[in-house]
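*Asks:* Structure for this input, please:
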Amino acid sequence: TKFIIPAMNLWLKRVLLLVSIETCRLQGSNVLMSTSKRKALAESLRAIWDEQDKAFTVAAQKGKRWPATMSMNQPEHQRRTRIRSLSVSRFFIDRFLQEVSEQIILPQQAICIDWSFTYIQLFRRPGCVRLYDFRHRLQPEFDWAFRAVPHNVPLSKAIHSNMIGLVQGDLANLSHVPEALFDLAIVTQVLEHVPHFWHAMVSLQRIVKPGGFIVFTAPFAYVFHPFPGDYYRYSPLALMHLFESAGFRACALMSSGYRAAQMHALGLGVNSDLPEYYLTQSRSTFSLLKWASDFGLVAQRVHNANTDTCGPTRFNLTNQVSIDDLHEFVELSAPRFNVTKAWPQPTPERLG
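*Replies:* Okay, here's the model as predicted:
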């Protein structure tokens, strides 16, 4: 009963908060909340925060901290599964990668790499047959994927049979990896952990083939999560500038949106607390750009600075923001495609 009663009380407070939010929504999204509704919402928040202060282990179950029962020594896939079921951020990343995998056009016998090897399975049907796993380690290592992995071979069997290639090292310096190797690089929730992100952009530009794609996500309004290190947050303009300055063309931009950031801040889960259609039906560009927990980007490495297309692929994504929408806020800066001049190549001296 030590934890059951506080948990029940917190659940009741969360119900009151959801009722307040739903009432405000029914009265019209473009109408400011009345004083009474704002007061009810504030009282619900205070009640939740007071309850969390009394029983922190209850708050921990909403993903604010690693729960006491979850050891960091557990396998990563077990820890990831428990957190993913609660995270609005992970909900959008999963949806973004799923939709991109269904629409992207890759060459036959595509060579693909996935950071943490989380989403590579989705891209096997579109064309990924030579698969690489990336591991962040101080000691660089590179192992070729000499064998293609047929679509009918389970990924677990491919791993057990040593059919998967390996890239090991620091994203800020991948000089040990062959140049222009990959048709697709899946880089999700990585760049905020790289202190020398400008060197990481040089590495990505170097290892992706001309015409190859990067599927990228990064947090914006997100909690501090120092595993390992947490240095930056990236706005949509920052992502556009980084990739277009590094020789890529932005093909599609996704935002989790204003409501996702609010839910993340309040510790509310998708479907367990609020249905997902609240997050995926926004038609307001302003609500998608003003505030979001995460942004996703599909970028293609161009052959030259005059290339202005992303090939035959045209994406239609949930909560997609067009490049023209960004131009309405601010003109994207130039020059572009000058990564080797703007950012020095990584060397041991500079990385130190």
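*Asks:* Tell me the pLDDT of Gln52.
*Replies:* Note on Gln52: pLDDT of 64.
*Asks:* And for Val190?
*Replies:* 94.
*Asks:* Lys64 now?
*Replies:* 42.
*Asks:* could you say what helices and strands the helix or strand containing Gly211 packs with?
*Replies:* Element membership for Gly211, per DSSP states H and E: strand 208-219. With contacts taken as 3 or more Cβ pairs under 8 Å, 6 or more residues apart in numbering; DSSP states H and E, strand 208-219 sits against helix 88-103, strand 182-188, helix 236-245, strand 294-301. C-beta here means a position set from N, CA and C on the backbone, and glycine is covered the same way.
*Asks:* Take the ones you listed and lay them out in JSON lines including distance to Tyr278.
*Replies:* Conversion of the helices and strands packed on strand 208-219 to JSON lines gives the following (distance: least, Cβ to Cβ, whole Å):
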{"stretch": "helix 88-103", "distance to Tyr278": "10"}
{"stretch": "strand 182-188", "distance to Tyr278": "23"}
{"stretch": "helix 236-245", "distance to Tyr278": "21"}
{"stretch": "strand 294-301", "distance to Tyr278": "16"}
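*Asks:* Dump those to a markdown table, plus mean neighbour count and distance to Ser175.
*Replies:* Formatted as a markdown table, the helices and strands packed on strand 208-219 follow (neighbours: other Cβ atoms under 10 Å; distance: least, Cβ to Cβ, whole Å):
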| stretch | mean neighbour count | distance to Ser175 |
| --- | --- | --- |
| helix 88-103 | 21 | 28 |
| strand 182-188 | 24 | 15 |
| helix 236-245 | 20 | 20 |
| strand 294-301 | 26 | 18 |
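*Asks:* between these, which gets nearest to Met201?
*Replies:* Evaluated with Cβ to Cβ, the helices and strands packed on strand 208-219 place helix 236-245 nearest to Met201, the distance being 5.7 Å.
*Asks:* what distance separates that closest one from the centre of its chain?
*Replies:* Here helix 236-245 is found 15 Å from its chain centre; the criterion is Cα atoms, centre = their mean, to the nearest Å.
*Asks:* Nearest approach to Val223 belongs to which of the helices and strands packed on strand 208-219?
*Replies:* It's helix 88-103; of the helices and strands packed on strand 208-219, that one is closest to Val223 (Cβ to Cβ) at 9.1 Å.
*Asks:* Provide the strand pairings for the strand holding Gly211, with the direction of each partner.
*Replies:* Note on strand 208-219: by DSSP bridges, its sheet partners are strand 182-188 (parallel), strand 294-301 (antiparallel).
*Asks:* orientation of the first one relative to helix 88-103 in degrees?
*Replies:* Pointing back at strand 182-188 there. 160 degrees (axes from the mean of the first three to the mean of the last three Cα atoms, to 10 degrees).
*Asks:* which residues are contacting strand 182-188?
*Replies:* 93, 97, 104, 106-107, 110-116, 118-120, 123, 127-128, 132, 204, 207-209, 211-217 (Cβ atoms under 8 Å, 6 or more residues apart in numbering).
*Asks:* switch to 7 Å and redo it
*Replies:* Under the contact criterion Cβ atoms under 7 Å, 6 or more residues apart in numbering, strand 182-188 has outside partners 93, 106-107, 110-115, 118-120, 123, 128, 204, 207-209, 212-217.
*Asks:* Can I get that strand as CSV, trimmed to CA atoms?
*Replies:* Only the C-alpha atoms of strand 182-188 are listed here, as CSV (Å, rounded to 0.1, in the frame of the first residue of the first chain):
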residue,chain,number,x,y,z
PHE,A,182,26.2,3.8,-48.0
ASP,A,183,23.0,4.2,-50.0
LEU,A,184,21.1,4.8,-46.7
ALA,A,185,22.2,6.0,-43.2
ILE,A,186,19.6,5.8,-40.4
VAL,A,187,20.6,8.3,-37.7
THR,A,188,18.0,8.6,-35.0
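*Asks:* Near the closest residue to His176 other than its chain neighbours, how many other residues are there?
*Replies:* Nearest in space to His176, with sequence neighbours left out and distances taken as Cβ to Cβ, 6 or more residues apart in numbering, is Pro140 at 4.6 Å. Close neighbours of Pro140, defined as other Cβ atoms under 10 Å, add up to 14.
*Asks:* ok, now which ones touch Pro140?
*Replies:* Contacts of Pro140 by Cβ under 7 Å, 6+ apart are Gln168, Gly169, His176.
*Asks:* same thing but 8 Å
*Replies:* Gln168, Gly169, Asp170, Asn173, Leu174, His176.
*Asks:* So it versus Val270, what's the distance?
*Replies:* 38 Å (Cβ to Cβ, to the nearest Å).
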